[in-house]
Structure formats: structure tokens, C-alpha cells
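> give me coordinates for this.
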Amino acid sequence: MNILALDLGTSSVRGLVLDADADPLPGALARRKVHLSVTGDGAGTLDAAAYLAGLTECLDELAAAGHLRDVGLVAVCAQWHSVLPLDRAGDPLGPVLTWLDTRPAAAPGASGPTDPQDFHRRTGAWWHRCYWSVRLPWLRERTTGVTRFAGLVEYVLGQLLDDAPMSVSMASGTGLLDLRRLDWDDEAVALAGVRPGELPELAPMGWYGRLRAGHARRWPQLAAADWAAPVGDGAASNVGSGCVDPRRAAVTVGTSAAVRLVQRVPAGTPLPPLPASLWRYRVDHEHVVTGAAYSSGGNLFAWANRELRLPEGAELDAALARVAPDGVLAANPRLGGDRPPGLAPAGSGELHGLSFSSTGVDILAGLMTGLCRMVADDLAVLESGVDAPVEVVLGGGAVTASAWWRTAFAAALAPRPVRHRAEREIGATGAALVALGRVPDADRLAGTGRTEEDPSPTPTVRSGTSARSDAPSTR
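Coordinates of the predicted model:
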């Protein structure tokens, strides 16, 4: 049996076919770029219909090439936090708000949780613009005819499958889920102003979906395939990196970036202590993932490459290698604002120390340095909740594209051991392993056996240097 893995990302939608051990099959990959609309007021939106069209094109391409012939299971990983309002017929009433959108704000005079610390412990989230507790009231004020709300993956799968409930993993990213009970949290739902029937149904453990009859005729190879409950992209990336226990943390850099650690916490069991500055979501009914995320990652290079007339390829690598450690510009990489719990709006990026001799490469190095330092600081907090320092696995298209950036991260995260997971499609691989129920095996199937240890940083490279990323992937 082969596995079709769908990765519903921010910069692209991808479909790839893997074997029964979640190894990608050569050539069995289809990808469509998607247009993320970003404006100066903090908007970060996607067109839901266009996104669905991109996914169906990927399926058509894979089917035409014969890659779907032996698929018996479909696994999905998708971006957390997205939301769009739907009408009675299930059609979008506006664009999809992504994790990058910083516009939502609580109404004047609105009050948050009665006990913010207990709210954070239960939901792993905060009363924050990134979560549905703030996003739904904000959307309702600006949208008429709302019947229900859904995330991007629930909308897409709702168009393809007979039934598309929300997985506990995706529900945890809304900030409305009680992570221990695995049901909607009463206080969070009240803060969101939710009315009966407006939230998606929650998928029970062991749920599988099937294609609608019309789509089964279009892709007959998938007519009998089981569709597993989707996994949040960050959780899937940890599993795909082999980081599935407290000994090993994943640092993933794609369009955005994150540092995360997975622990086994079955539904109904007490949750481990949660540091005040970190979030916690669900991988599945058996595991939680704790960490920090950043709105900057490969998009930093995309911006710099577009605006700063950088050299290309080996010329850029050589230019970065010449950046002196004591000459790196001080930079705040929050061009897209903060992820929770931070409140910095889009447009908060800063540069200090510019001179007439400063180059575009210097600016890029400074921005990447800033991200390395943010990750290092949050990893120290993450380690405070476990018994010992962790090993770090770097992954995602952005760091895979750049040996220099990997070296910079290794320097910033020293003295911890730092390895690199070279496979670009770690999110899709992780989603497949979750769908197979093989999360405990991930450190063997997708982890240490396939990582490569990068050389230790040279004396001239420290956390104040970085490199390019031209292949954003999973966040």
C-alpha cells in the first residue's frame, strides 16, 4: 500500500506519494504555488477557491502520471490557525485569514479569560489575535450571513469528502480546545462568541473519510482510499524530523520558523507544566507538541532577494562567508509581526548600525542572525521543562537550501548537538507516520537514521551569521 500525502502550506500546496514506510517515491510529487496576499495593514490572506483548484490540479497531475494507482491511505498536514467564514451552503464569505494576518483585535471593552494562566494551561493558547477567540468576533463584525466557521483544511476537505470534521490537531490550533478533555473549552468558546452549529464537528479517534462520488469518478484510484484526520503542519514536521520525545527538539524553517518538542500525553491524562511564553497544541489523541513560532523564516530571504539586489547562488554564499562576526548588523526580523504570545504588529522589523559600506548581504545576515537568536532563547525556555539539554534537528526547505544557515544555527544553539534532516518534505512524511499510527517509530523511520551531522561551526562563524533560503517549505 502506498500513501498519498497532501501538504497544505502557506506558499504552496503539494501532493506526494510515499511507500508503506513513509519514504517518498521518486518523481511522485506535484506542487502548485499559491498566492498569499500581504498588505501593509497586516493582512495575510489566501483565496479558498483558488487554493482548492491548486490542490485538484496536483491530484490530476499525479493521477495522469499513474502515481495514485496503489494508494490506500491519504494523509494531510495543514497550516494551523487559518479561518474563513462560510454561508449556509458552505461557500466562503471572504478570504482565508492565515497565521500571518495580524489585523484581528478584540472589540473595545471586551475582557479576556477570567484566569489567564489557567486558560493557557487548558488550551495551550492565549486570548490573542492569532486564535479564534479573537478572530471569530472580528470576522463577524465585518461579514454578513455567517453560518459557520472553518479552517482552510476543513473547507478544502469538505469540498472533496463525504464528511470533513476537524481533527483534534487542527482544533488545538484554534485556541478553543481543551487539550486534556479534547473537547471545545467552554470559556474559549464564550470568548469567541460562538453560536450553536458554528464550529466544526470534532473527529473522533480513528476517524477516516472517503471521497465524494463525483470526485471518486474523477480520481478512481482514490475511490477506496481512507483519508486520515489532518495534522497541524508544525506537529507533522516534528514527527517527520524524528523529534517525537523530550530528548530531541525540532527547529524547522520554511516560510516561517518554529522550535518544538513532542511529548506523549494521552487524552484525559494530566498535562505537563507549560512555560508562560510557549504554546502547546495536539499532534493527535496521544501526543502534544510544545514550542514557539515566528512569522519570519524563508520569507526573510524572499523579501531580501526581491528588494536588495542580492547576488545569486555560489556568489551569495561566498559573500555571506565574508561577513565578519563582529560586523553583523543588529536586526529585528519581525517584518511580519509577532506570533503569540507576542503583540508586535506587522512592520516591526528593525535594522541598527547601517553605514555607507553596508550591503544587501549584510542586511540579510543581520536578519537571519536575529532569527537564530530568537530560536536559541526560546529553546532554552523549552528545555526548562525537561530533564536535560536536548539534541536539535534542523529541517524545512529553507535550511535545507543553505549550508551556511545550518552552520549559523549550529553556532547559535551550541553546545547542543545539532543535526540536519535533509528531506524537504518532512511535514508530509510526518503526517503519513501519524496516519499510520507510527509516531513512536518516527525517530527510527524518519529521524536519526536519516539525519546528517553538519560540520561544527568554524571560529569565524557564530550566531551572528546566516545564509539564504530559497525553498520555503513547512513551517
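> buried set for stretch 198-216?
Buried residues in stretch 198-216, counted by 16 or more other Cβ atoms under 10 Å: 198-200, 202-203, 207, 209-211, 215-216. Backbone N, C-alpha and C define where each C-beta goes, glycine included.
> now it: mean pLDDT?
Averaging pLDDT along stretch 198-216 yields 97.
> which residues sit against it?
For stretch 198-216, contacts defined as Cβ atoms under 8 Å, 6 or more residues apart in numbering pick out 136, 146-151, 154, 157, 160-168, 171, 176, 182-184, 189, 219, 222-223, 225-229, 267, 285.
> quick one: it to chain centroid distance?
Per Cα atoms, centre = their mean, to the nearest Å, the displacement of stretch 198-216 from the mean C-alpha position of its chain is 22 Å.
> pull it out as PDB, backbone CA atoms only.
In PDB, the C-alpha atoms belonging to stretch 198-216 read as follows (Å, rounded to 0.1, in the frame of the first residue of the first chain):
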ATOM      1  CA  GLU A 198     -20.900  27.500  14.100                       C
ATOM      2  CA  LEU A 199     -17.900  25.300  15.000                       C
ATOM      3  CA  PRO A 200     -16.800  22.200  13.100                       C
ATOM      4  CA  GLU A 201     -17.600  18.800  14.500                       C
ATOM      5  CA  LEU A 202     -14.600  17.200  16.100                       C
ATOM      6  CA  ALA A 203     -13.200  14.000  14.500                       C
ATOM      7  CA  PRO A 204     -13.200  11.000  16.900                       C
ATOM      8  CA  MET A 205     -10.100   8.900  17.400                       C
ATOM      9  CA  GLY A 206      -9.700   6.500  14.400                       C
ATOM     10  CA  TRP A 207     -11.900   8.600  12.000                       C
ATOM     11  CA  TYR A 208     -11.400   8.100   8.300                       C
ATOM     12  CA  GLY A 209     -13.100   9.900   5.400                       C
ATOM     13  CA  ARG A 210     -13.900   8.900   1.800                       C
ATOM     14  CA  LEU A 211     -14.100  10.900  -1.400                       C
ATOM     15  CA  ARG A 212     -17.500  12.000  -2.600                       C
ATOM     16  CA  ALA A 213     -18.900  10.000  -5.500                       C
ATOM     17  CA  GLY A 214     -18.200  12.700  -8.100                       C
ATOM     18  CA  HIS A 215     -14.600  13.100  -7.100                       C
ATOM     19  CA  ALA A 216     -14.200   9.300  -6.900                       C
END
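> hmm, Ala22 is touching Ala432, no?
Yes: between Ala22 and Ala432 there is a contact under Cβ atoms under 8 Å: 4.2 Å.
> now do the shared contacts for the two.
3, 5.
> tell me which of the two has more neighbours.
Of the pair Ala22 and Ala432, Ala432 is the one with more neighbours under other Cβ atoms under 10 Å, namely 36 against 26.
> tell me which element the closest residue to Thr290 other than its chain neighbours is part of?
Setting aside the residues directly before and after it, Thr290 is nearest to Arg280 in space (Cβ to Cβ, 6 or more residues apart in numbering), at 4.6 Å. Per DSSP states H and E, Arg280 falls inside strand 279-282.
> what is the next helix or strand after that strand packed up against?
For strand 279-282, the succeeding helix or strand toward the C-terminus, using DSSP H and E, is strand 287-294. The contact analysis (3 or more Cβ pairs under 8 Å, 6 or more residues apart in numbering; DSSP states H and E) places strand 287-294 against helix 233-240, strand 257-264, strand 279-282, helix 360-383.
> show me what counts as buried in strand 287-294.
Buried residues in strand 287-294 (16+ other Cβ under 10 Å): 287-294.
> same check, this time on stretch 380-397
Applying 16+ other Cβ under 10 Å to stretch 380-397 flags 381-383, 386, 390-397 as buried.
> end-to-end on that stretch?
24 Å (Cα to Cα, to the nearest Å).
> pLDDT of that stretch, averaged?
Mean predicted confidence for stretch 380-397 is 89.
> who does the longest strand along the chain pair up with?
Longest strand in the chain, counting residues (DSSP state E): strand 24-33. Each strand paired with strand 24-33, and its direction, by DSSP bridges: strand 12-18 (antiparallel).
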